[in-house]
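Engineer: My questions are about this predicted structure, shown below with the sequence.
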Amino acid sequence: MIIESPNDIVLQKDFDEIVESGVPFDELNGKTVFVTGATGLIGSQFIKSLACYNRKNSSNIKIAAFVRSVEKAQKVFGEIPNIDFVIGDITGKIEYKGAVDYIVHGASATSSKYFVEHPVETIKTAIDGTTSILEFAKEKKVDGFVYLSSLEVYGTPNEKSVLIGEDDYGYIDQLNVRSSYSEGKRMVECLCCSYASEYNIPVKIARLSQTFGAGVEYNDGRVFAEFARCAIEEKDIVLHTQGNTVRSYCYTTDAVSAIAYILLKGKTGEAYNVTNMSTACSIKEMAQLVCDIFKDSNIQVKIDIPDNIAAFGYNPEMIIRLDSSKLEGLGWNASISLDEMFKRLVASMKN
């Protein structure tokens, strides 16, 4: 018997939990689900969750994983059955002979440093890549399509906003190259809705808050991974800002279940915030939380602001607490708290 994560018992437990949680994967039985960004954090866990559902329920959900490297795909997925590897560049024409019923489009640049150093490529991947997969969806006459967007489409919200709903938008400086990511996401959302309107493509949008959990690579450059590494390596957490930015977060498998609900229950042309509303905190508060959870590491939070802070690609300081009430109306609920997210992340990274 081939399980989905033989080398990470924490992650395997996550897959078992999501299958047992009542996520409506049964509606995908006998269907083909095409996933872009398949070897990324969210894409790979979505695919492995489907594979786990297949194994536990003797189901026949066929998975097409769109990847750039078959070697990386084999490393990520091993010998899991019912997965076709489709090799290609998301910005080119997508070729796949089989039928496709549903698409989850997650291919995207993800590193803040990359956004700053390669803003043109960030924009092109967003717009050209999504145009390519939407044309593919039109050709295949799919029954459902989810685009994985980001909380960054909200920009810097109004300071008076307590919770950010799907209709609340803030300021983005389009002349700042760091905006290549957030402006690209905004444009692609409009592109998705345009295809829905003009070509009847059943596109829905998942606006993900920052998402992490078991399965994050040890050398991931994002702040949550840096904090986890500090706990493991017993090094103080050094912030390069005052850490005042407030965000809400989401656990990986909570995000996976949210994507399934949006894909199968969401309304065409609409966006849904994906977050755990109980997790909202500042970067500094999150750093201190990690120190408190892993007391045996004897680490502290320190602040060291460099002269060339722009090179780090950080967003402007902001307070953004997403409201997931609309998504909860589809029957979804977040289940993993922020402290449990870090406990599972650290346990997984130690594996």
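Structural biologist: Sure, I can see it.
Engineer: Going by C-alpha atoms from here, please, whenever you check contacts or count neighbours.
Structural biologist: OK.
Engineer: mind checking how far stretch 5-18 is from the chain centre?
Structural biologist: Averaging C-alpha positions (C-alpha atoms, centre = their mean, to the nearest Å) puts stretch 5-18 18 Å from its chain's average.
Engineer: tell me which residues in it are buried?
Structural biologist: 5, 8, 10, 11, 12, 14, 15, 18 (16 or more other C-alpha atoms under 10 Å).
Engineer: Mind putting these into CSV with secondary structure and pLDDT?
Structural biologist: Formatted as CSV, these follow (DSSP: H, G, I helix; E, B strand; the rest coil; pLDDT from 0 to 100):
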residue, secondary structure, pLDDT
5, coil, 94
8, coil, 95
10, helix, 97
11, helix, 97
12, helix, 97
14, helix, 98
15, helix, 97
18, helix, 97
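Engineer: which of these lies closest to residue 154?
Structural biologist: Using C-alpha to C-alpha, residue 18 comes nearest to residue 154 of these, at 29.0 Å.
Engineer: The closest one and residue 260 touch, don't they?
Structural biologist: No. Counting by C-alpha atoms under 8 Å, residue 18 stays clear of residue 260, with 11.0 Å between them.
Engineer: At which residues are the strands of the stretch 251-351 of the chain located?
Structural biologist: 271-274, 276-282, 301-303, 319-320 (DSSP state E, counting those that start in this stretch).
Engineer: typed the wrong thing, it's the stretch 101-250 of the chain
Structural biologist: Using DSSP E, counting those that start in this stretch, the strands found in the stretch 101-250 of the chain span residues 102-105, 144-150, 203-208, 210-212, 237-239, 246-251.
Engineer: Compute the inter-axis angle for the third one and strand 144-150.
Structural biologist: If I follow you right, that is strand 203-208. For strand 203-208 against strand 144-150, the angle by axes from the mean of the first three to the mean of the last three C-alpha atoms, to 10 degrees is 30 degrees.
Engineer: Pull up the pairing partners for strand 203-208, direction included.
Structural biologist: strand 144-150 (parallel), strand 271-274 (parallel) (DSSP bridges).
Engineer: Any idea how far the shortest one is from the middle of the chain?
Structural biologist: To tie it back to what came earlier, the one meant is strand 271-274. Relative to the chain's own centre, strand 271-274 is displaced by 12 Å; criterion: C-alpha atoms, centre = their mean.
Engineer: That strand: which residues count as buried?
Structural biologist: By 16+ other C-alpha under 10 Å, the buried positions in strand 271-274 come out as 271, 272, 273, 274.
Engineer: pLDDT averaged over that strand - what is it?
Structural biologist: Strand 271-274 shows a mean pLDDT of 98.
Engineer: Pull that strand out as CSV, backbone CA atoms only.
Structural biologist: What follows is strand 271-274 as a C-alpha-only set of coordinates in CSV (Å, rounded to 0.1, in the frame of the first residue of the first chain):
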residue,chain,number,x,y,z
ALA,A,271,-14.0,35.5,-4.8
TYR,A,272,-13.8,33.9,-1.3
ASN,A,273,-11.4,34.8,1.5
VAL,A,274,-9.5,31.8,2.9
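Engineer: which residues are in contact with that strand?
Structural biologist: 151, 165-166, 204-209, 250, 255, 258, 262, 322-324, 326-327 (C-alpha atoms under 8 Å, 6 or more residues apart in numbering).
Engineer: do the first one as well
Structural biologist: With C-alpha under 8 Å, 6+ apart as the contact definition, strand 144-150 has outside contacts at 101-106, 137, 182, 185, 189, 192, 201-210, 259, 262-264.
Engineer: cool, stretch 284-301 as well?
Structural biologist: The contact list for stretch 284-301 (C-alpha under 8 Å, 6+ apart) reads 227-228, 230-239, 242-244, 339, 342-343.
Engineer: Can you say which of the strands of the stretch 101-250 of the chain is nearest to residue 173?
Structural biologist: Per C-alpha to C-alpha, nearest to residue 173 of the strands of the stretch 101-250 of the chain: strand 144-150, 16.7 Å.
Engineer: buried residues in the closest one?
Structural biologist: Buried residues in strand 144-150 (16+ other C-alpha under 10 Å): 144, 145, 146, 147, 148, 149, 150.
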